[in-house]
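Have a look at this prediction, sequence included:
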Amino acid sequence: MAPPSFAELFAAHHQSMVRLAGLLGADDPEDIAQRRSPASTHAGPGCGTTVRPSPMSVPSCAT
């Protein structure tokens with residue numbers, strides 16, 4: 001069985017990300033959650049793939 005795709009993981013956890021962004025004080029929690037959507041990345045999760053970095057995002061790898 002193949003591991004879930006990034007799109008499948010995003011869909012499964014989207015509402016949780018929106019709630020977390022709201023709890024962390026985001027002005028627009030939905031926007032913050034969408035910034036990590038599959039449409040906002042070039043090749044999926046990992047180093048340097050985020051097109052629009054969010055001020056609330058956490059780097060995905062150490063430099």
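Yep, it's here.

rest of the way, CA atoms for contacts and neighbours
OK.

Show me the helices in the protein, by range?
In the chain, the helices defined using DSSP state H lie at 6-23, 29-34.

Would you convert the ones you listed into TSV that also reports mean neighbour count and mean pLDDT?
Below are the helices of the chain laid out as TSV (neighbours: other Cα atoms under 10 Å; pLDDT from 0 to 100):
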stretch	mean neighbour count	mean pLDDT
helix 6-23	14	90
helix 29-34	18	88
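
per-residue pLDDT, residue 5?
The model reports residue 5 with a pLDDT of 89.

Now for it: which residues touch it?
Contact analysis of residue 5 by Cα atoms under 8 Å, 6 or more residues apart in numbering lists nothing.

Settle this for me: residue 30 is touching residue 18, isn't it.
Yes. Under the criterion of Cα atoms under 8 Å, residue 30 makes contact with residue 18 at 5.4 Å.

who touches both of the two?
Counting by Cα under 8 Å, 6+ apart, nothing touches both residue 30 and residue 18.

Pull up the gap between residue 16 and residue 9, please.
11 Å (Cα to Cα, to the nearest Å).

swap in residue 23?
Counting by Cα to Cα, the gap from residue 23 to residue 9 is 21 Å.

Over to residue 24?
Noted for residue 24: a distance of 21 Å to residue 9, by Cα to Cα.

Equivalent analysis for residue 19, please.
Separation of residue 19 from residue 9 (Cα to Cα) stands at 16 Å.

Could you do residue 30 as well?
Distance of residue 30 to residue 9, given as Cα to Cα: 17 Å.
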